[in-house]
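Visitor: Sequence first, predicted coordinates after that:
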Amino acid sequence: MMKTKRMLILIVLTFSLFLSVLAEASAEEALLEIEVTDFPLLVFDGDRVPVTVRLSNVGGQEATDVVLRSSTGEERTVGTLAPGIEREVTLYIENYERGTNEAEIYATFSGAQGESRHWSLRFEVRQPDESITLRVIDAPHSIYEGMVLTAQLEVQNLWQQAVSGTRIKSGQEVLYHLGALEPNQSLQIDLRIQQYEVGANRLELVADHERGTTPPVTLQFEVIPAESAVKAYLGSLSSPAYPSEDIELSIIIAASEDAEISELELKALTNGVEPTGYYLGQEVAAEEEVAVPDVQSLLLGPPEGEGEEETERAVKGRELNFQVKEADVGSQSLDFQISYRLGSALVQREFTVDALVLPAPSVHLIQAERIEVTKGKDALVTLHVANDLPVDVDAVSVVPLGSIEASPSEFFIGGMSPDDFLPAYFRIPTDNLENGDHLYFKAVYRVGRQTYETSPLCTVVYLEEAQGLSLAVYIVPPVVLVLLALLVWSLRRRRWTR
C-alpha cells in the first residue's frame, strides 16, 4: 500500500516538472496571433481587395521571416517581429472572380510554431459599370406650370478608382454634368428640370460614366396648369339695385401657397367700376378666412346643376371691394381681368360678374276705366294710385291740372304703405267739354321731408249728344185721352137711352 502511494506521488511530481519545462520552452519561442480588422465586402472587377491585419508576437522570442499570406496566392513580407510587439499590415488580394469569393489570411514565420491560425474572409466582386450608383433623395410630387422642379439626387462612386465623364441623363438629353468622381466619393446634387409637359411626367434618370451606365431611376411628378394657381371667388354682391343706388361687390383672390406668384393684379375692364383695380404684387392672399356663398371659382364658369342650394363655405384669400355708380337699368355684365406671373409663365384670364339694376320705383297714377258720358251730364273719373316704393309715403293726393272744373278740386288719400293700390274719384261737368277733350291729373306725395310729383296722366273724355223728342211724343197722349173720353160718353149715352 505504501509503495503504491509513493508511486503516485512520483508520477505527479514528474508530470508537474514536465509541464514547467514545457512552459519555459514555449515562453522562450516566438508565437504569432493574427486578427483581420478591416476589409471590403464589395469590390468591383479591377479593384484590389485591401485586407487590414493586426499581427501580435505573444511569445518570448523574436519572430523572424514573418510573411502575411492569402489562400488566393498573394503575400506580403513583414520581416522580424519582437516579443510583445503588434503591427498592422495591409495585404491586397488581386486573384478573384466575379461573384462571391472566399479567402483565408494567415502568417508564417521561422520557429517551432511556424504558422498562425487562419482567418476566413468572404467578399463580392461586381462588374465595373455597377460601381456608380444613383438614387433620388427628395423630389416634389407636383409643381405648377412655369416653375422649376428641383430634385435632390445622390451619386456615389463605390469603386476604389476615380471615374471620369459622369453625367445625369434622361434618354439622350444630358441634364447635369458631374465630371470626375474620386474613389469612394458620394456626391449630392440638385437637379433642376425646366422642360416638362402639363399633366403627368415620368423621367428615367441614369448616371452615365466612362465605364458604363447605372440602372435607370424613375422620377415621377405632376405639372399643374398655371391658370389654376390663382382662383377668384365672388365674395358678395348687393341685391338688385336701383339707378340711384351703387352696385357693391367683393371678389376674393386666393393664390396657392405652393406657387411662386408675382406681379399679381386684378383689373376692372368695365367703365364705372371703382377702383379700377388692385395690384397685389408678390403677396399670396392666404391669410384671411373669408366666407363665400358659392365656392365655385369665377374663373371656371358657373357651377353645374341648376337649382342646387348654395352652401356657404370659407376660403383663405384677400377680399377686394368694388363699387359701380350710375349703372344703366337692366342686366349689367361687369368684366374683370386677373394677371400674374408664375415662374416663366405669364397668365391673363378674364371673368364676368352679372348684376341687375331695376327701374327706379315710384308712385304711379293709373286710369281705371274709359270715360264715356252723355253731354250735359257729369263724368265720373276713376283713377288709382300705386305705391311701388319700398318705403311708406305720406300726404298722397291727386290733383286735376289746367282749368278743369272738378269735384273735389283735390282728392286726398294720405299715407300709403309699400305695394298699396288706392282709388281716387272726380266728377267733371261736361257742359263746356267737347268729345275727345283731354283731362290731366297728377299725384303729389312726400317721402321724408321731400315732396315729389308724378308725371301728368292724360285721360280722354268721350261724349254722347242728347237725342231730340219726335212729334208723336206730344200728339199721341192727347189723342189717346180724347178717344178714351168719347168711348166713355158713348157707353153712358147707350145706358140712358134704354
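Guide: The structure has been received and is ready for your questions.

Visitor: Helices of the protein, start to end?
Guide: 2-27, 472-497 (DSSP state H).

Visitor: what about the first one, average pLDDT?
Guide: To tie it back to what came earlier, the one meant is helix 2-27. The predicted model assigns helix 2-27 a mean pLDDT of 56.

Visitor: Also stretch 171-191?
Guide: Averaging pLDDT along stretch 171-191 gives 92.

Visitor: burial of Gln150, as a residue count?
Guide: Careful, residue 150 is Thr; it's not Gln. A total of 13 residues lie near Thr150 under the criterion other Cβ atoms under 10 Å. To be clear about C-beta, it is placed using only N, CA and C from the backbone, and glycine gets the same treatment.

Visitor: Kindly report the same for Gly330.
Guide: 10.

Visitor: how far away is the nearest residue to it once chain neighbours are set aside from Glu248?
Guide: With Cβ to Cβ, 6 or more residues apart in numbering as the criterion, Gly330 has its nearest non-adjacent residue at 6.2 Å, and that residue is Val357. In this structure, Val357 lies at 12 Å from Glu248, with Cβ to Cβ, to the nearest Å as the measure.

Visitor: the more surrounded of the two?
Guide: More neighbours surround Val357 than the other of Val357 and Glu248, with 19 against 15 (other Cβ under 10 Å).

Visitor: For Leu389, see how far away the more buried one is.
Guide: According to Cβ to Cβ, Val357 and Leu389 sit 17 Å apart.

Visitor: right, and the residue nearest to Gly330 touches Glu326 too?
Guide: No - using Cβ atoms under 8 Å, Val357 is not in contact with Glu326, being 9.8 Å away.

Visitor: quick one: contacts for Leu41?
Guide: Residues in contact with Leu41 (Cβ atoms under 8 Å, 6 or more residues apart in numbering) are Arg122, Phe123, Glu124.

Visitor: And for Val67?
Guide: Going by Cβ under 8 Å, 6+ apart, the list of residues near Val67 reads Glu75, Arg76, Thr77, Val78, Ala107, Thr108, Phe109.

Visitor: Looking at those, state which has the most neighbours.
Guide: Greatest neighbour count in these, by other Cβ under 10 Å, goes to Ala107: 26 neighbours.

Visitor: who does that residue bridge with?
Guide: With beta bridges defined as DSSP bridges, Ala107 has these partners: Leu68.

Visitor: now do Cys458
Guide: Tyr440.

Visitor: Show the contacting residues for Val217.
Guide: Going by Cβ under 8 Å, 6+ apart, the list of residues near Val217 reads Leu134, Arg135, Val136, Glu204, Leu205, Val206.

Visitor: The same query, at a cut-off of 7 Å, please.
Guide: The contact partners of Val217, taken as Cβ atoms under 7 Å, 6 or more residues apart in numbering, are Leu134, Arg135, Val136, Leu205.

Visitor: ok, the last one touching Ile168?
Guide: Put plainly, it is Leu205. Yes - using Cβ atoms under 7 Å, Leu205 and Ile168 qualify as a contacting pair, with a distance of 6.0 Å.

Visitor: Point out where the stretch 301-450 of the chain drops to low pLDDT.
Guide: Along the stretch 301-450 of the chain, the model assigns pLDDT under 70 to residues 301-316, 360-361.

Visitor: Pairing-wise in the sheet, spell out the partners of Glu75.
Guide: On the basis of DSSP bridges, Glu75 takes part in beta bridges with Arg69.

Visitor: same question but for Leu234, I mixed them up
Guide: Here Leu234 sits in beta bridges with Ile251, as judged by DSSP bridges.

Visitor: looking at it, it is touching Ile251, isn't it?
Guide: Yes - under the criterion of Cβ under 7 Å, Leu234 is in contact with Ile251, at a separation of 6.4 Å.

Visitor: Which one of those two is surrounded by more residues?
Guide: The residue with more neighbours, out of Leu234 and Ile251, is Ile251; 26 against 19, by other Cβ under 10 Å.

Visitor: per-residue confidence at that one?
Guide: The predicted local confidence for Ile251 is 91.

Visitor: beta partners for the residue nearest to Gly330?
Guide: Ala241, Gly330.

Visitor: Distance check, it against Pro225.
Guide: Distance of Val357 to Pro225, given as Cβ to Cβ: 36 Å.

Visitor: Isn't Glu86 up against Val53?
Guide: No - the criterion here is Cβ under 7 Å, and Glu86 misses it with Val53 at 10.7 Å.

Visitor: Looking at the two, which one has more neighbours?
Guide: Taking neighbours as other Cβ under 10 Å, Glu86 and Val53 compare with Val53 leading, 24 against 12.

Visitor: still on that earlier bit, I'd like the contacts of Val67 laid out as CSV, including pLDDT.
Guide: As requested, the contacts of Val67 are arranged in CSV below (pLDDT from 0 to 100):
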residue, pLDDT
Glu75, 92
Arg76, 93
Thr77, 92
Val78, 91
Ala107, 93
Thr108, 92
Phe109, 91
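
Visitor: Just name the closest of those residues to Glu350, please.
Guide: Minimum distance to Glu350 across the contacts of Val67 is 81.7 Å, recorded for Arg76 (Cβ to Cβ).

Visitor: which ones are touching that closest one?
Guide: Contacts for Arg76 were tallied using Cβ under 7 Å, 6+ apart; they are Leu68, Val89, Leu91.

Visitor: switch the cut-off to 8 Å
Guide: For Arg76, the contact set (Cβ under 8 Å, 6+ apart) comprises Val67, Leu68, Val89, Thr90, Leu91, Tyr92.

Visitor: Buried members of those into PyMOL, please.
Guide: Selecting only the buried members of those in PyMOL, with burial defined as 16 or more other Cβ atoms under 10 Å, works like this:
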select buried, resi 68+89+91
